[in-house]
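A.B. asks: Sequence and predicted structure, then a few things I'm wondering about:
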Amino acid sequence: MDPVIGADMRYDLSRRWSLEAKGTVGGFGVASDIAWEAFCGASYRFNDCCSLTFGYRYLHEEYSRGGFALNLDTHGFLLGVGFHF
């Protein structure tokens, strides 16, 4: 398991619409050498219990142990449904 530090920010444009930005960084040589991600998007809240999020996410991870090395960069659009309790 990696230690991870992150931030999550949201700005409400109206009662239903909001903008979101999230980021994490971790690893620091504990399990992975370094891992970080960034997300930016918009959310629409249908009612008190359901929302839809659309955005873009970028993920980077570096890992090397025992002759195995991984250097991963992946990114793309994200569509998510949220259920709030």
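C.D. replies: Looks like it arrived, so ask away. Since the model is a prediction, treat every value here as computed from it, not as a measurement.
A.B. asks: contacts, neighbours, all on C-alpha from now
C.D. replies: OK.
A.B. asks: can you give me the strands in the protein?
C.D. replies: In the chain, the segments counted as strands under DSSP state E are 4-12, 17-26, 34-45, 50-65, 68-83.
A.B. asks: winner for burial among the ones you listed?
C.D. replies: Comparing those on average neighbours per residue, with mean count of other C-alpha atoms under 10 Å, the densest one is strand 34-45 at a mean of 19.
A.B. asks: Pairing partners for that one, with directions?
C.D. replies: Sheet partners assigned to strand 34-45 using DSSP bridges are listed as strand 17-26 (antiparallel), strand 50-65 (antiparallel).
A.B. asks: can you give me the mean pLDDT across the longest one?
C.D. replies: It refers to strand 50-65. Taken as a whole, strand 50-65 has a mean pLDDT of 94.
A.B. asks: Below-threshold pLDDT in this structure: ranges please.
C.D. replies: In the predicted model, the chain carries no residue with pLDDT under 70.
A.B. asks: Grab the most central residue of it for me.
C.D. replies: With distances taken as C-alpha atoms, centre = their mean, Phe39 lies nearest the centre of the chain, 4.9 Å away.
A.B. asks: tell me the contacts of the closest residue to Phe83 other than its chain neighbours?
C.D. replies: Once its chain neighbours are removed from consideration, Phe83 has its nearest residue in Cys50; the separation is 4.8 Å (C-alpha to C-alpha, 6 or more residues apart in numbering). Contact analysis of Cys50 by C-alpha atoms under 8 Å, 6 or more residues apart in numbering lists 81-84.
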